[in-house]
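Novice: the amino acid sequence is not available; the structure is as follows:
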Ligand code: MN
């Protein structure tokens, strides 16, 4: 599985002066962080968390869900440390929803109410469960999903990155399929735009995810734009890119371990040999065909003389 396309867009919305959302698009790593806290602390929290991912995202000590957890834990350490050192940043925190694409598995980890969705076969599926007051009330049957949509405390989250020395991360993995589109977004989108509209916009702009991201941000602003809006898309493809098939030919060529040829020598030899062989075979076949025609003609002549 490889990535066919990615897109990302963040907008402050119509009511907020600052954008306290941050995002990471560093394939195969993707994340949205929605910061909270007084003054500019929300911006500090989400950007510290995003930087933690960008800086430690390349490390391959772990894989899959364990790596996603390690990344969010590192973000938690950095945000919490700053919040304890800096009086202005006291109590700040951030949501964090992270996706890591590895072969055909997509590991997802999250804390808070930024969501991950999967668009597959014309359906939109919410993959993450919000860590929010209203989501918990819905899960325990005390609130209907419809009541939750308009609840005055719907932006209250029950878990955050950076507010405690340790963080509890929810993780799971999805088996990717050809054409899967993953959407990670902040609540500035999902509070303003119904899931039906999200799906319709994605389907309409399926061929251009940058356009799909613009359409979602526009829809959130039309719906009121009461919060910062952040949208990330990535699309999976099972097709191998053309360059990679050539590389496969090279690695499959029988080069023994004791062979002293280095890769820079092996590559042109392998790629040049193929057309040469084809070029030689064709004239030989043509010559053989000509010889057979001549032989047949000679035999026919001998027979009829
Ligand atoms: Mn928000």
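Specialist: Structure's in. What do you need? The model shown is predicted, which means the values in this text are computed figures rather than measured ones.
Novice: quick one: pLDDT of residue 295?
Specialist: Looking at residue 295, its pLDDT stands at 79.
Novice: ok, the closest residue to the ion within the stretch 201-305 of the chain - contacts?
Specialist: The ion sits closest to residue 227 of the stretch 201-305 of the chain, with a gap of 4.3 Å, by Cβ to the ion. For glycine as for every other residue, the C-beta is placed from the backbone atoms N, C-alpha and C. Contacts for residue 227 were tallied using Cβ atoms under 8 Å, 6 or more residues apart in numbering; they are 13, 15-16, 155, 186-188, 191-192.
Novice: against the ion, how distant is residue 8?
Specialist: For residue 8, the distance to the ion equals 16 Å [Cβ to the ion, to the nearest Å].
Novice: what number of residues lie near that residue?
Specialist: Counted with other Cβ atoms under 10 Å, the neighbours of residue 8 add up to 18.
Novice: with residue 80 instead?
Specialist: Quick note: residue 80 (other Cβ under 10 Å) scores 21 neighbours.
Novice: what of the one 4 residues further on?
Specialist: Neighbour count for residue 84, taken as other Cβ under 10 Å: 12.
Novice: hey, where'd the helices end up in this structure?
Specialist: For the chain, applying DSSP state H gives helices covering 41-56, 64-85, 133-139, 145-150, 187-190, 195-204, 209-222, 242-252, 263-304.
Novice: the first one packs against which elements?
Specialist: Counting contacts by 3 or more Cβ pairs under 8 Å, 6 or more residues apart in numbering; DSSP states H and E, the secondary-structure elements packed against helix 41-56 are strand 21-26, strand 29-36, helix 64-85, strand 93-94.
Novice: residue 173 bridge partners, please.
Specialist: residue 107 (DSSP bridges).
Novice: among the helices and strands packed on helix 41-56, which comes closest to the ion?
Specialist: Closest among the helices and strands packed on helix 41-56, using Cβ to the ion: strand 29-36, at 4.2 Å.
Novice: give me the below-cutoff pLDDT ranges for the stretch 1-150 of the chain.
Specialist: Scanning the stretch 1-150 of the chain for pLDDT under 70 picks out 58-60.
Novice: which parts of it sit against the ion?
Specialist: Residues of the stretch 1-150 of the chain found near the ion (Cβ under 5 Å from the ion) are residue 34.
Novice: so how far is residue 56 from residue 46?
Specialist: Residue 46 sits 16 Å away from residue 56, going by Cβ to Cβ, to the nearest Å.
Novice: give me the more crowded residue out of those two.
Specialist: More crowded of residue 46 and residue 56, by other Cβ under 10 Å: residue 46, with 35 against 16.
Novice: show the contacting residues for that one.
Specialist: Contacts of residue 46 were listed using Cβ under 8 Å, 6+ apart, and they are 20-22, 33-35, 94.
Novice: which residue, other than its chain neighbours, is closest to it?
Specialist: In space, and not counting its chain neighbours, residue 46 is closest to residue 35: 3.3 Å by Cβ to Cβ, 6 or more residues apart in numbering.
Novice: residue contacts, that neighbour?
Specialist: Applying Cβ under 8 Å, 6+ apart, we find residue 35 in contact with 20-22, 41-47, 49, 92-95.
Novice: now do 6 Å
Specialist: By Cβ atoms under 6 Å, 6 or more residues apart in numbering, the contact list for residue 35 reads 20, 42-43, 45-46, 94.
Novice: same question, residue 197
Specialist: residue 219.
Novice: okay, it: pLDDT?
Specialist: Each residue has a pLDDT score; the one for residue 197 is 97.
Novice: re the thing from before, which of the contacts of residue 227 fall in strands?
Specialist: Among those, no residue falls in strands (DSSP state E).
Novice: ok, of those residues, which come out buried?
Specialist: Among the contacts of residue 227, those buried by neighbour count (16 or more other Cβ atoms under 10 Å) are 13, 16, 155, 186-188, 191-192.
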